[in-house]
Every structure is written in C-alpha cells, then in structure tokens.
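A.B. asks: A structural model of the following input is requested.
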Amino acid sequence: MTFYPNEKLGLFVDGANSYSAARALDFDIDYRRLLDEFRERGRLVRANYYTTLIEGEEYTPIRPLIDWLDYNGFRVITKAAREFVDDSGRRRIKGDMDVDLAIDIMEAADYLDHVILFSGNGDFHKVVEAIQRKGVRVSVASTLESSPPMIADSLRRQADHFLELEDLRKRVSRERHQRDYEDSRNHLPPFVTDKPGAPSARL
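C.D. replies: Here you go, the predicted structure:
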C-alpha cells in the first residue's frame, strides 16, 4: 500500500499482541524506530499504546516501557488486570484492552486518513470494517511467518493492507546482540536504559 506524505496517520499498538508477534520472530520492537518509521510515511498525528497492568503490584517490569513511551510521543492507555489461578492450578491473567482500543479507533476515524493497527487479533475486524465505511484506510501489522501465524485471517482479509512484521524487522527492531548485551548489563529484562533517568523501551 502506498503511504501519502500529507495523509494523517494514526498508530494503534496492542501491546501484548505485538510483543508476542515480535518475539515469535525472535526480535524486539524498538519504539523510537517505530515512531520514526511512520513519521517518514505520513503526518503521524496519533500514536497510542495499550497494555494491562496487574492490579496490586507495586512494581511491574513493564513500568520502564510505559514511562518511556509516555514521554516520547505515545499516549499510553492502561487497565488493571486480575491475576488468578484456574481450576488446573495454572496462573492466569484476566484483562484486555480490546474495547478501549476499538473505541479510540472509531473516534479517531473522524480526523485520520489512515490507521495502522499493530495487532493480529481477529476481534478487531469489525471495527476495521466500520472505519473503512467512513473512508479511512487501514493497515494491519502482524506476522504470517511465525508458527502458528499471529494474524487472524478475518482481520488480514478485512484490512486494506497487511504489513508483515518480518519485512519491518530491519527498520523497527532492536538487534538481538545489542538486546542481550544490554539485558545482561542492566539486569532489566525486557527493558534497557540509554542514559540515567531516561528509560528506553524495546518490548
């Protein structure tokens, strides 16, 4: 799909889904590079990141990422998730951001020309269809290269264009050797710090 320099772009990142898709391809998304990538493709007027936080936890490993995103061009939307043990004794987390993300995309359709959705969740195919009726183009970023594929067929078919994460790897990833070095240096998986007081994210 062609990106036009003057079209207004909105970037919507389903945090957990995008993290899983990138890790399935054995790389991490560098969110600074991700912003730069889409700023080059058009007028990026909105960048939202959605994630859940375990309620009651004083510290969570995702906090450095949230702080970095919040100060570097993203609007971060969070919701409390509940941790519980199921009947089989397995640890589960209940909570998702699907409704929040869908509502924000619907509202943004009034002022955007093109939505880029980083998610493979098939539940979003109806909201994609709805904003397309408003004249908004939609690109969906996920992967078919993992086993199993991370993109739902219904979502991929509904989108105007599918962005394969593997094809974006060189432009938006943090190199594996750099990631491993920084993780060992900082003991802060999955986040690193570029300089004192300035967290850098790569989830």
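A.B. asks: show me where pLDDT drops low in this structure?
C.D. replies: For the chain, applying pLDDT under 70 flags the ranges 1, 55-59, 82-84, 91-95, 175-203.
A.B. asks: And the helices in it?
C.D. replies: In the chain, helices defined by DSSP state H lie at 15-24, 31-41, 63-71, 98-108, 125-132, 153-158, 165-172, 176-186, listed in chain order.
A.B. asks: Could you name the helices and strands sitting against the fourth one?
C.D. replies: For helix 98-108, the helices and strands in contact under the criterion 3 or more CB pairs under 8 Å, 6 or more residues apart in numbering; DSSP states H and E are strand 8-14, strand 43-54, strand 75-85, strand 114-118, helix 125-132. In short, each C-beta sits where N, CA and C put it, glycine included.
A.B. asks: Now stretch 139-156: buried residues?
C.D. replies: By neighbour count with 16 or more other CB atoms under 10 Å, stretch 139-156 contains the buried residues 139-146, 150-152, 154-156.
A.B. asks: rewinding a little: find the one among the helices of the chain with the highest mean neighbour count.
C.D. replies: Compared across these, helix 15-24 shows the largest average neighbour count, a mean of 21 (mean count of other CB atoms under 10 Å).
A.B. asks: picking that back up, pipe the helices of the chain into JSON lines and attach distance to residue 86 per row.
C.D. replies: Putting these into JSON lines (distance: least, CB to CB, whole Å) gives the following:
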{"stretch": "helix 15-24", "distance to residue 86": "18"}
{"stretch": "helix 31-41", "distance to residue 86": "32"}
{"stretch": "helix 63-71", "distance to residue 86": "26"}
{"stretch": "helix 98-108", "distance to residue 86": "21"}
{"stretch": "helix 125-132", "distance to residue 86": "28"}
{"stretch": "helix 153-158", "distance to residue 86": "27"}
{"stretch": "helix 165-172", "distance to residue 86": "30"}
{"stretch": "helix 176-186", "distance to residue 86": "31"}
